[in-house]
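J.: please work out how this folds:
(one chain, ligands or ions: 1)
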Amino acid sequence: MIFSTPREFTPATKETGLSDASPLWFIFKKNELLVLQKDASDGLEIPNLKDPSELGINIGSQQLIGHYGDQPCYTALASDISEEHDSVIWSGLRALFGRLDDGLFSISGRAYQIADWYRTHRYCGHCGTKNTLQDSDRCLICPSCGQLHYPRVSPAVMVMIQKGDQFLLARSPHFIPGMYSALAGFAEPGETLEETVHREVYEEVGIRVKNIRYFASQPWPFPHSLMIAFHADYESGDINIDPTEIEDADWFSADKLPDRLPGQISISRKLIEATLHELKHH
Ligand SMILES: [Zn+2]
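T.: Modelled structure (predicted):
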């Protein structure tokens, strides 16, 4: 699954001093990652250098996120750019899907979440003192009041509702034309994921579901979601959409699919394909 950790990657927060391989640098400028154009191909690379200043890039503090094989991986924010090398490209993460090696693409998502957390938690939210990085853990600590600030992860559910050989897909107003996807929404504080599924489905399309089954999960670094996908069975009610969230919702089937499905990068596509596969083999 895209954005899941590649097998060769070992997360770490502390230098072990064991590897003398030159590091991979995941350097961000706002939401864009620094990548390098390979010679005469469409492929892109993550810089593999002793020091990013070789590319004319200065960074603020760097954080080790782990090792890819024996290569240390650092995430950092660009602080100022003196004379940028010709091969440097700044790109949003989504646009890198299929152009970076899959393992590096997944690590980029992780690097982005950590860089974004660091960028947005410079100061203590409790007393305003500048936070410092803790040695032992991936955590920022306030030296004044001791408040801890961990990286944020926001759980969101996705649900594929089945009714016989039909399944429910919906479109939000910001989707590209013709695209439908499974319902999704963020968990609220105090909810179980099953409660989130029931609430979101009822709020968005006005129906009741039962028999909720876990499908799979996917970190979604835009900026810090964890999408947890489920199958569920229709129980009762007619589709009655919430027009503030949804533009249209309908029952689809293998013979009646929307014009467009979500991209291969997303867990929604995997969920839809798994449902179609299951329907075909029953
Ligand atoms: Zn504080």
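J.: Ile267: what's it in contact with?
T.: Counting by Cβ atoms under 8 Å, 6 or more residues apart in numbering, Ile267 touches 1, 158, 216-218, 220, 227, 229. Backbone N, C-alpha and C define where each C-beta goes, glycine included.
J.: go again with 7 Å.
T.: The contact partners of Ile267, taken as Cβ atoms under 7 Å, 6 or more residues apart in numbering, are 1, 158, 216, 218, 227, 229.
J.: and these, which two are furthest apart?
T.: Longest distance between any two of the contacts of Ile267 is 12.9 Å, between Met1 and Met158; criterion Cβ to Cβ.
J.: who's more crowded, those two?
T.: Using other Cβ atoms under 10 Å as the criterion, Met1 and Met158 rank with Met158 on top: 24 against 13.
J.: so for that one, what's the pLDDT?
T.: Met158 is assigned 97 on the pLDDT scale.
J.: excluding covalently adjacent residues, which one is nearest to the most centrally placed residue in the chain?
T.: Residue closest to the average C-alpha location in the chain (Cα atoms, centre = their mean): Trp220, at 1.5 Å. Closest residue to Trp220 apart from its sequence neighbours, by Cβ to Cβ, 6 or more residues apart in numbering: Met227 at 5.0 Å.
J.: same deal with Ser79?
T.: Gly60 (4.6 Å).
J.: count the residues that sit near that neighbour.
T.: 13.
J.: likewise Ala182?
T.: Neighbourhood size, Ala182 [other Cβ under 10 Å]: 25.
J.: can I assume it is in contact with Arg171?
T.: No: using Cβ atoms under 7 Å, Ala182 makes no contact with Arg171, being 10.9 Å away.
J.: quick one, what contacts Ser91?
T.: So Ser91 contacts 32-33, 35 (Cβ under 7 Å, 6+ apart).
J.: just grab the bridge partners of the residue nearest to Pro52 when sequence neighbours are not counted for me.
T.: Spatially, and ignoring its direct neighbours in sequence, Pro52 is nearest to Trp25 (5.1 Å; Cβ to Cβ, 6+ apart). Following DSSP bridges, Trp25 is listed with bridge partners Tyr74.
J.: how about the residues of this protein by the ion?
T.: Counting by Cβ under 5 Å from the ion, the chain comes close to the ion at 124, 126-127, 129, 142, 144-145, 147.
J.: what is the nearest of those to Trp90?
T.: Nearest member of the residues of the chain next to the ion to Trp90, counting by Cβ to Cβ, is Cys124, at 30.5 Å.
J.: how many other residues sit next to that closest one?
T.: The tally of other residues near Cys124 (other Cβ under 10 Å) stands at 20.
J.: check the one 4 residues further on too.
T.: By the other Cβ under 10 Å criterion, the neighbourhood of Gly128 contains 10 residues.
J.: Leu183 too?
T.: Applying other Cβ under 10 Å, we find 25 residues neighbouring Leu183.
J.: list the beta-bridge partners for it.
T.: Beta-bridge partners recorded for Leu183 (DSSP bridges): Val159.
J.: how about it, what does it touch?
T.: Leu183 touches 158-159, 170, 200-201, 204-205, counting by Cβ under 7 Å, 6+ apart.
J.: could you redo the last one with a cut-off of 8 Å?
T.: Per Cβ under 8 Å, 6+ apart, neighbours of Leu183: 158-159, 161, 168, 170, 200-201, 204-205, 249.
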